[in-house]
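S.K.: show me the folded form of this:
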Amino acid sequence: MANREETRLAQSSSKDSAVLPGGNNPSGRPVSLHAIVATVNVLAEQGIAAADLLAGSGIPPERLQEPARLINHHQEMTVFDNARRLSCDEALGLRLGRAMHTSNYGILGYTMLVSPTLRVALETAIRFPLLLASYFTLRLEERGKEAWLLADDYHYRADLLSFNAEMCLSSMWTIAGDCMGVRWSPKAVHMSFPLPAHAGFYPAIFGHAGHFDMADNALVFPAKWLDRPQPLADAVSFHMALEQCQRQQEQWASSHGSALVARVLRLIQSDPVRFARLDELTTTLHMSERTLRRKLAALGTSFQALLDQARHQQSLHLLHDTRLSIGMIAERLGFAESASFRHAFARWTGKRPSDLRR
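M.R.: Next up is the predicted model:
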């Protein structure tokens, strides 16, 4: 059974949940490029070029090489619409969902993997909707001996409802399999739309035929699976990763409307050595140092503050999850010497790096 404190930390509540940016326009909410990259990779096997998939989205092909980039749901849906049209594959939503593993969700995926149980993993995904980037509101319910993972509250393009519902549930079941370490089949798959022409593809994804024209979009599976210990569970890693999820969701929410802060953070996190140099950062951002400093100041932050934040988060991961020496960690984070890293770490945490190792 899950530790009560771990379950409590992962549970979503109105008090803890971040107010999602975008207001009455959910298509403007920020989202990472993970799903777009997965789409490009899947359709490359059919010979479909990335430039054709990205047409009209405002996303240049070279941006796919920049993990720091944030886009919005409107841009993502434009790519999905192109993908469906170019592939002529009505089952594409199911195929894309099957290709979306925990590794596609960054720190959120890692947090789910090291969660103590599937229950906590799913509750963690529900708690961080910006990081999950779903077009639906997810809910987890227990109904007797059955668990129901429901996806509802869809407010996007009606013509992409079935595509998005299929991608949502197939991706969530792929993630569940990653977390449990086994590829079991759910008891049932419910979809709220009519029987599609590609319904025969459902057994290949879920192991069962789908049920259509139902009241909800839902995955139904034995409730006893919820509290089954996960093979990669690690209590310390879970708590540390959970804190990073909270910070990242807050950053994405606060940076909506000006994704500059989020982009700077993600660039530094992707290569702390390279982007510890302000000139490298401004070259990548295509702006002058003076302009960047002015824009960050207007947002209430600075390059040094964001550099410290990104280095702090990376240092926690490297100290806990690797056996690298303090000197090697300092080097990876872009410090000229170990003493500088130790001084910075003490400033961030009030402790020495070796204290965390012990």
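
S.K.: which secondary structure element of this structure has the lowest mean pLDDT?
M.R.: Within the chain, no helix or strand scores below helix 4-10, which has a mean of 45 by mean pLDDT, DSSP states H and E.

S.K.: and the protein, what are its domains?
M.R.: If the domains of the chain are taken from automatic domain parsing, they occupy 4-227, 258-357, with pieces of a single domain joined by a plus sign.

S.K.: how far off centre is the first one?
M.R.: The one in question is domain 4-227. Centroid separation for domain 4-227 versus its chain: 10 Å, with CA atoms, centre = their mean, to the nearest Å.

S.K.: quick one, what contacts the residue most central in space within the chain?
M.R.: Per CA atoms, centre = their mean, the C-alpha nearest to the average position across the chain is that of residue 105, at 3.2 Å. Residue 105 makes contact with 34, 112, 131-132, 175, according to CB atoms under 8 Å, 6 or more residues apart in numbering. Backbone N, C-alpha and C define where each C-beta goes, glycine included.

S.K.: ditto for residue 122
M.R.: By CB under 8 Å, 6+ apart, the contact list for residue 122 reads 112, 138, 140, 149, 172, 176, 226.

S.K.: can I get the residues you listed in CSV including neighbour count, secondary structure and distance to residue 318?
M.R.: Compiled in CSV, these are given as follows (neighbours: other CB atoms under 10 Å; DSSP: H, G, I helix; E, B strand; the rest coil; distance: CB to CB, whole Å):
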residue, neighbour count, secondary structure, distance to residue 318
112, 29, helix, 21
138, 22, strand, 32
140, 18, strand, 33
149, 22, strand, 34
172, 21, helix, 30
176, 23, helix, 29
226, 19, helix, 32
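
S.K.: now the helices for the stretch 251-358 of the chain?
M.R.: Shown for the stretch 251-358 of the chain, the helices assigned by DSSP state H, counting those that start in this stretch span residues 260-270, 278-285, 289-298, 303-321, 326-332, 338-349, 353-357.

S.K.: just the buried positions in the fifth one, please.
M.R.: Translated: helix 326-332. Residues 326, 329-332 are the ones in helix 326-332 that count as buried (16 or more other CB atoms under 10 Å).

S.K.: what of the fourth one?
M.R.: The neighbour-count criterion (16+ other CB under 10 Å) identifies 303, 306-307, 309-319 as the buried residues of helix 303-321.
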